[in-house]
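Colleague: return a 3D structure for these sequence lines:
(chains A and B)
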2 protein chains.
Amino acid sequence: MAGTTDQTLRPLLWRASRLFPDREIVSRTHEGVQRYTYAEYERRVGKLADALAAAGVSEGDRVATFSWNHHWHFETYFAVPNMGAQLHTINPLLPAHHIQYIVENASDSVIFVDPSLLEKLEAAVAAEGGEEAFASVDQFVVVGSSVPDTSLSPVTDFESFVDGREADYDWPEVDEEQPAGMCYTSGTTGKPKGVEYTQQMLWAHTMASLPQSGLDIGADDVVMPVVPMFHVNAWGMPFSATAAGAKHVYPGPAPSSEDLAKLIEEEGVTLTAGVPTVWLGLLDYLDEHDADLSSLERIVIGGSAAPQSVIRRFDEEYDVDVLHAWGMSEMSPIGTVSHLKPGMEELSKEEQYEKRAKQGLFVPGLEYKVIGDDGEEVPQNGEDFGELWVRGPWVVTEYFKRPDANEEDFEDAPGGKWLKTGDVVTIDPDGYMELVDRAKDVIKSGGEWISSVELENALMAHDDVAEATVIGVPHERWQERPVACVVPKEGVDDEGLRADLQELVAEKFPKWWTPDEVVFIDEVPKTATGKFDKKVLRDQYDDESLVEGKTPDEAAPGQD
Amino acid sequence: MAGTTDQTLRPLLWRASRLFPDREIVSRTHEGVQRYTYAEYERRVGKLADALAAAGVSEGDRVATFSWNHHWHFETYFAVPNMGAQLHTINPLLPAHHIQYIVENASDSVIFVDPSLLEKLEAAVAAEGGEEAFASVDQFVVVGSSVPDTSLSPVTDFESFVDGREADYDWPEVDEEQPAGMCYTSGTTGKPKGVEYTQQMLWAHTMASLPQSGLDIGADDVVMPVVPMFHVNAWGMPFSATAAGAKHVYPGPAPSSEDLAKLIEEEGVTLTAGVPTVWLGLLDYLDEHDADLSSLERIVIGGSAAPQSVIRRFDEEYDVDVLHAWGMSEMSPIGTVSHLKPGMEELSKEEQYEKRAKQGLFVPGLEYKVIGDDGEEVPQNGEDFGELWVRGPWVVTEYFKRPDANEEDFEDAPGGKWLKTGDVVTIDPDGYMELVDRAKDVIKSGGEWISSVELENALMAHDDVAEATVIGVPHERWQERPVACVVPKEGVDDEGLRADLQELVAEKFPKWWTPDEVVFIDEVPKTATGKFDKKVLRDQYDDESLVEGKTPDEAAPGQD
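Modeller: Residues are numbered from 1 along each chain as shown, chains lettered A, B, ... in the order given. Reported below is the predicted structural model:
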């Protein structure tokens, strides 16, 4: 016996439009900045659902988006789940064959597409295999009020699609177990894996995002998700900002640092969120330009680790708190947020930045453990590391149609399945989790682990290094040995840099962490989400000869 | 497909003891102030569960408390639900025959009792029918470390009960649908009605309590629930404060205003909660005594309406925000909290107090509607009123073993059953809900409603009135007419006061609201929770002759 209603998204919007009818939704689009209220938003959501129903979408169907952050995309966020259908947000940065794979895998029936992404989608349709892959798609809808020349068919524009439709849509009773959202993890290995978010998972994740232990969102906030809406629902912020009755600001296609600074200033943004690159760019812009950031209180940084310098600069120069956060597609996505604990206001600023640069504290509702190489739980001492396992009401229980991955990445247990995150972490005595490496990137030398991430950070701190990554290559005696793949800045002397880097590593780390080889490359290969794609390099250097004869005798722990 | 784990309470404590092991729980008891940490709390919760299991308690059994707010009571809050059993918090202010009824109805197997409440419980056991009523009880446990002389049997003290037990209890996997809590509503009519809280309802209520839209609880908070732990789980605060990792302060048996002021000062309380009387008492105490309330940020006032003067005084004199809140036992209990909305900081202080004196805004996750006398939904205009209906994931779906009440108080509907709250309310255009009356107390005259509460508030504002209540008495032509039952202050002239009061009402309200009769009484009868018991008066004055010949001809709307 639960309560009188299921845990679904519909009442969250219902409340916002009744209690905050005049609060605004602002959207930077290719047709200029548009703005309307929750009251109008609710009407448009109703019309969109009516249009989708007329286009043949019914409960359980999947509707896909291929789109940036704007009000049209946000309208699909409530219209599709509230009608009992499932919103599949496609990452447009994926290669064409992956787009084909996931559209076919998900059997999407309608795809909403940005004009600026039309070519990308057309290419995926036109490529070999496209016809079968897109066979389920009955309708393409180009966001905006006109359709550019396109080979997609049948196609219409968003405004024509909803024109004349009924705002007062008769929402069905949707079960909390009904899948409401879907996205694919852009794995660095193999095919993308689909995850489904039920109504209940999105509800629970929304409620977990709102409190102080999460993102601390209230009705007074003006929330601007810069993280793309195709990345795990923009970390759930379109839902959580609605639940709070906050004002929304969507920065649209390819926002520049100038666009972001302007939106913050003009719309009074208090809370924003995105990957580190965005904020590094904004800091650079602000060095050269005036902008009033006084409304901005907090930036949520996730996706990859935020450099401590970014946290420090926003605090010292702009009085903005960076909330470092960590999550996964499989976790809807929020797992940890790095808030200071009671009493930590007594720490020096340096110590505070160190804590805040960690991935942070698990939010209420989740359970975690860290499993070492021997399969045993590792102590919470900030030194020992192992793979992070998590579980909770907003953690998925399986991958979509992927029994192989389910076998590998989940572990049955009393009290609920564990998700093996594939992240190697330490947790310090205060409970702050810190990412050490991806499990598949950690280098196993002589039965112990070497963090590729820590080595990379050290190498990239060198002035002559543009980019660097460290991979493990097979070794007969030690199992694996580290090799550094370095992109030098222009005009740098390779040999001098090689010696420098090896010395630099030797100073900071145990001797057996020193890379056996430093190879110079033109560019680090990247995944669709901009992460280093080490698999490409590993395949290239999958050869013992690279390190043969170069490994020190002490290439194991306890010998340095 | 939900997430990997059910929504249960156990992970909330698990997180607090891992992330905030040193945060304190402070308890004022008959054995002095005691304090320990979450780490120690978790150990004691384990020992208590082990002791209960040894005493024969197993999953699904009910364990009752008859107790004030202290750490022993708090230990039952997690030990009992986490072992899959159900915590039944008994209101010790109920009359003996009601206590008998609910213990028998709930089949409690163990009862935890305060030494100060021992006599009350002994009397209920000894009274006629006690033997059958308490037949299910296998063990009485007196909180503290000794047992006073008592006729209860078998009996032990809490510390002996847990002594030597295993802290590392092997918690079972508990389903989210498992009832975890229970309390009885102390209805003013008929027998108390039991409501059961499942694990999931308590989880959802906890998550809804944490955000800014709820009570805004964070790890920095020091939370002191003055509202008794037998009143709907102290409004859920022992759970929500734990989820947040906040410090807990329990004020123990019969805390005086001085005790409360001292605890706030010494423990740095930031957030407290209770019924209006408590805070009126504290304000009186502070008028005469020095106390440092600077740590205190917010007081949650609920249970009955908070006078605007209390909200104003705490703000002006102590810089403390009063959060007016409304809820019901059937709602776990939180429904609304009166926060100011964005932009309202521009209003004058007077206008702000007026908003904050209303019961407030529904928290995210709930749905509501207001149903007028004609069965139609009433507009949100702040004037029209009707009965409030609510539904949501933490609203109970039925009363325990009471098909009669279930028929009456719930209404099936697509999307989830509605609970008919029995509260008559208005909702203003800003969405603020205001209680007008209880449905059973509203006076129906000539097809329209007269609010007994508004009349009472007007009467009680008169300097010569100690207490006053207004009831409807039957009337042949008008169906019901209002009669005021007034307790004058000592030495006041009855006839003069009667004329004064009728004039006062005539000035403020439509003519047909004027009570036909003002009767003077010695005391307004009260329920076990301190509310006016109008049923007693209605029974006494259930006689048309009281108002015969006294009703004005215009005793209907549209005629004033």
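Colleague: only C-alpha atoms from now on, for both contacts and neighbour counts.
Modeller: Fine.
Colleague: near chain B, which residues of the stretch 351-500 of chain A?
Modeller: A:361-362, A:364-367, A:391-397, A:414-418, A:430-431 (Cα under 8 Å from any Cα of the partner chain).
Colleague: can you select the buried ones from those in PyMOL?
Modeller: Selection of buried members from these for PyMOL, criterion 16 or more other Cα atoms under 10 Å in any protein chain shown:
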select buried, chain A and resi 361+362+364+365+366+367+391+392+393+394+395+396+397+415+416+417+418+430+431
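Colleague: show only the entries of the residues of the stretch 351-500 of chain A next to chain B found in helices.
Modeller: Using DSSP state H, no member of these falls in helices.
Colleague: which of the residues of the stretch 351-500 of chain A next to chain B fall within strands?
Modeller: Judged by DSSP state E, the subset of these located in strands is A:361, A:362, A:367, A:391, A:418.
Colleague: adding pLDDT as columns, could you present those in CSV?
Modeller: As requested, those are exported to CSV (pLDDT from 0 to 100):
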residue, pLDDT
A:361, 98
A:362, 98
A:367, 98
A:391, 98
A:418, 97
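Colleague: looking at those residues, which is nearest residue B:172?
Modeller: Nearest to residue B:172 among those, counting by Cα to Cα, is residue A:367 at 15.5 Å.
Colleague: pretty sure residue A:519 is in a strand, no?
Modeller: Yes - judged by DSSP: H, G, I helix; E, B strand; the rest coil, residue A:519 forms part of a strand.
Colleague: count the neighbours of it for me.
Modeller: 15 (other Cα atoms under 10 Å in any protein chain shown).
Colleague: so who does it touch?
Modeller: A:483, A:484, A:485, A:486 (Cα atoms under 8 Å, 6 or more residues apart in numbering or on different chains).
Colleague: try residue A:50
Modeller: Contacts of residue A:50 by Cα under 8 Å, 6+ apart are A:162, A:165, A:166, A:167, A:169.
Colleague: do a quick rundown of the strands in the stretch 351-500 of chain A.
Modeller: A:361-362, A:367-371, A:386-391, A:410-411, A:418-427, A:433-438, A:443-445, A:448-450, A:465-475, A:479-488 (DSSP state E, counting those that start in this stretch).
Colleague: by mean pLDDT, show me the worst of those.
Modeller: The weakest mean pLDDT among the strands of the stretch 351-500 of chain A belongs to strand A:448-450, with a mean of 81.
Colleague: I'd guessed residue A:3 sits against residue B:415; true?
Modeller: No - applying Cα atoms under 8 Å as the test, residue A:3 and residue B:415 come out as separate, 11.7 Å apart.
Colleague: before we move on, back to that, what's the closest of the contacts of residue A:50 to residue B:125?
Modeller: Checking the contacts of residue A:50 one by one against residue B:125 (Cα to Cα), the nearest turns out to be residue A:169, at 58.2 Å.
Colleague: got a pLDDT number for the closest one?
Modeller: Reported pLDDT for residue A:169: 97.
Colleague: any idea whether it is helix, strand or coil?
Modeller: Per three-state DSSP, residue A:169 ends up coil.
Colleague: if I pick it, what's in contact with it?
Modeller: Counting by Cα under 8 Å, 6+ apart, residue A:169 has contacts A:46, A:47, A:49, A:50.
Colleague: give the next helix or strand downstream of the longest helix seen in chain A.
Modeller: In chain A, with assignment by DSSP H, the single longest helix is helix A:38-54. Per DSSP states H and E, the first helix or strand lying C-terminal to helix A:38-54 is strand A:62-66.
Colleague: which secondary structure elements does that following strand sit against?
Modeller: strand A:86-89, strand A:108-113 (3 or more Cα pairs under 8 Å, 6 or more residues apart in numbering or on different chains; DSSP states H and E).
Colleague: can we see that at 10 Å?
Modeller: helix A:71-82, strand A:86-89, helix A:96-106, strand A:108-113, helix A:118-126, strand A:139-142, strand A:179-185 (3 or more Cα pairs under 10 Å, 6 or more residues apart in numbering or on different chains; DSSP states H and E).
Colleague: for the record, mean pLDDT for the longest one?
Modeller: Translated: helix A:71-82. Mean predicted confidence for helix A:71-82 is 98.
Colleague: is residue A:479 in a bridge, and if so with what?
Modeller: Beta-bridge partners for residue A:479, by DSSP bridges, are residue A:445, residue A:475.
Colleague: that one and residue A:473, how far apart?
Modeller: 8 Å (Cα to Cα, to the nearest Å).
Colleague: now do residue A:393
Modeller: In terms of Cα to Cα, residue A:393 sits 39 Å off from residue A:473.
Colleague: off-centre distance for the helix or strand encompassing residue A:503?
Modeller: Here residue A:503, judged by DSSP H and E, is contained in helix A:494-508. Counting by Cα atoms, centre = their mean, to the nearest Å, helix A:494-508 is centred 33 Å from the centre of its parent chain.
Colleague: so what touches that helix?
Modeller: A:454-456, A:458-460, A:462-465, A:484, A:486-488, A:511-520 (Cα atoms under 10 Å, 6 or more residues apart in numbering or on different chains).
Colleague: sec struct for whatever residue of the stretch 1-150 of chain A ends up closest to chain B, please.
Modeller: Proximity of the stretch 1-150 of chain A to chain B (Cα to the nearest Cα) peaks at residue A:3, 4.2 Å away. Secondary structure for residue A:3, judged by three-state DSSP, is coil.
Colleague: spatially nearest residue to it (excluding sequence neighbours)?
Modeller: residue B:393 (4.2 Å; Cα to Cα, 6 or more residues apart in numbering or on different chains).
Colleague: how near is the one you found to residue B:201?
Modeller: Residue B:393 sits 6 Å away from residue B:201, going by Cα to Cα.
Colleague: overlap of the contact sets of those two?
Modeller: What both residue B:393 and residue B:201 touch, as defined by Cα under 10 Å, 6+ apart, is the set A:2, A:3, A:4, B:331, B:332.
Colleague: specify which member of the residues you listed is nearest to residue B:255.
Modeller: residue B:332 (24.6 Å).
Colleague: what sits against the closest one?
Modeller: Residue B:332 touches A:3, B:181-183, B:195-198, B:201-202, B:204-206, B:231-236, B:393-396, counting by Cα under 10 Å, 6+ apart.
Colleague: for it, what are phi and psi?
Modeller: Here is the backbone geometry of residue B:332 (degrees, to the nearest 10): phi 70, psi 10.
Colleague: and for the one 3 residues further on?
Modeller: For residue B:335, the backbone dihedrals are phi -120, psi -60 (criterion: degrees, to the nearest 10).
Colleague: how much space separates the residue in the stretch 201-350 of chain A positioned nearest to chain B from residue B:246?
Modeller: The minimum distance from the stretch 201-350 of chain A to chain B, using Cα to the nearest Cα, falls at residue A:211 (4.0 Å). Counting by Cα to Cα, the separation of residue A:211 from residue B:246 is 13 Å.
Colleague: so can I have JSON lines of the helices and strands packed on strand A:62-66 showing distance to chain B?
Modeller: Putting the helices and strands packed on strand A:62-66 into JSON lines (distance: least, Cα to the nearest Cα, whole Å) gives the following:
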{"stretch": "helix A:71-82", "distance to chain B": "12"}
{"stretch": "strand A:86-89", "distance to chain B": "14"}
{"stretch": "helix A:96-106", "distance to chain B": "17"}
{"stretch": "strand A:108-113", "distance to chain B": "20"}
{"stretch": "helix A:118-126", "distance to chain B": "31"}
{"stretch": "strand A:139-142", "distance to chain B": "29"}
{"stretch": "strand A:179-185", "distance to chain B": "8"}
